[in-house]
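Asks: kindly generate the corresponding structure for this input.
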Amino acid sequence: MSTVPTSPTSNKIDRGTNPLLETHLSTARSLSIRQTRLGWFQECLGCEAKQEFKFFKEGDGPNEFAHAVEDSGFCIRCCCSPCHPFNMTVAEMGTNAELLSMDRPCACCVCACKCCCYQSMYVKSAGQKIGSIKEQCFCCVPRFMAYDSDGKKMYKIHSPTCCCGMCINCCAEGNPCGKGCCKASFRIYPASQAKTDGDAPYLGVILKKPKSFATELFTGANAFDLTFPADASSKQKALLVGSAIFFNVNFFERQQ
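Replies: Residues are numbered from 1 along each chain as shown. Below you'll find the predicted structure:
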């Protein structure tokens, strides 16, 4: 991964941060998000399933530390997917204590070009706003901005690009079709960085993992690996976790 100057804030404990976020995210350099088996089963039956995920820390052996289930109505999922509104709470395994919650209001779907009706998601923890992720005006390649709780710009996020930023570079993460489908990534850049297209250096990445043949054939289950910016705080990491869920419903649920 290319390196750039450190991100906007240092990795210090923020006043008012949910202690569970510090416990699980303060030292995490990366984590994985996997769709649960119940979601797969519902999709195999032809239902528009709720999003359900499990969260794993890096390391050897099972390191599941949290799970999440979407809160939304069946009709709204069937009629308005993938632009349907929903709430989702990420809860600690074993205790069901809240780590963070996500609120995604209804908005127009992502398309080739957009200058209004932007998608957004708001992330909270312990009742306090952590920040938001919002779609930006773009042409051809969707672009997003992550904001902190005060509305200050933190990160630019978009897929790796080529052709002067007009096309998504499908081969940026290596062999694009090694396991039956293309890898899809969203790179994380400092908000202050002017050049983010092509081979511009970046801080971290949200990577949608390729599916096996059986998963692609029988289910719509998605999986993501997150690599955080080196000095991101727990709140910033929580916001990027929310961003992965946000990208899943925007770009990949419609394919199921």
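Asks: can you list the weak-confidence ranges in the stretch 101-250 of the chain?
Replies: 108-116, 175-182, 211-220 (pLDDT under 70).
Asks: residue boundaries of the helices in the stretch 101-250 of the chain?
Replies: Along the stretch 101-250 of the chain, the segments classed as helices by DSSP state H, counting those that start in this stretch run 213-218, 234-247.
Asks: and among the ones you listed, the most buried is which?
Replies: Of all the helices of the stretch 101-250 of the chain, helix 234-247 has the most neighbours on average by mean count of other CB atoms under 10 Å, namely a mean of 26. Where you see a C-beta, it was placed from the backbone N, CA and C, and this is true even at glycine.
Asks: now the helices of the stretch 101-250 of the chain as a markdown table including distance to Pro190?
Replies: Conversion of the helices of the stretch 101-250 of the chain to a markdown table gives the following (distance: least, CB to CB, whole Å):
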| stretch | distance to Pro190 |
| --- | --- |
| helix 213-218 | 35 |
| helix 234-247 | 12 |
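Asks: to Ala97, which of those lies closest?
Replies: In terms of CB to CB, the element of these nearest to Ala97 is helix 234-247, at 14.2 Å.
Asks: for Thr161, find the nearest of the helices of the stretch 101-250 of the chain.
Replies: Evaluated over the helices of the stretch 101-250 of the chain, closeness to Thr161 peaks at helix 234-247, with 15.8 Å, by CB to CB.
Asks: and the closest one, how far from the chain's centre?
Replies: Taking CA atoms, centre = their mean, to the nearest Å, the mean C-alpha location of helix 234-247 is offset from the chain mean by 6 Å.
Asks: please begin residue numbering at 27 from this point
Replies: Will do, 27 is the new start, and the previous item becomes helix 260-273.
Asks: export it to PDB, keeping only CA atoms.
Replies: As requested, the backbone C-alpha atoms of helix 260-273 are provided in PDB (Å, rounded to 0.1, in the frame of the first residue of the first chain):
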ATOM      1  CA  SER A 260     -11.500   4.300  17.300                       C
ATOM      2  CA  LYS A 261     -14.300   6.700  16.200                       C
ATOM      3  CA  GLN A 262     -12.700   7.000  12.700                       C
ATOM      4  CA  LYS A 263     -12.400   3.200  12.400                       C
ATOM      5  CA  ALA A 264     -16.100   2.900  13.500                       C
ATOM      6  CA  LEU A 265     -17.000   5.300  10.800                       C
ATOM      7  CA  LEU A 266     -15.100   3.300   8.200                       C
ATOM      8  CA  VAL A 267     -16.900   0.100   9.400                       C
ATOM      9  CA  GLY A 268     -20.200   1.900   8.700                       C
ATOM     10  CA  SER A 269     -18.900   3.000   5.300                       C
ATOM     11  CA  ALA A 270     -18.300  -0.700   4.300                       C
ATOM     12  CA  ILE A 271     -21.900  -1.500   5.100                       C
ATOM     13  CA  PHE A 272     -23.000   1.600   3.300                       C
ATOM     14  CA  PHE A 273     -21.100   0.600   0.100                       C
END
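Asks: fine by me, we can end here.
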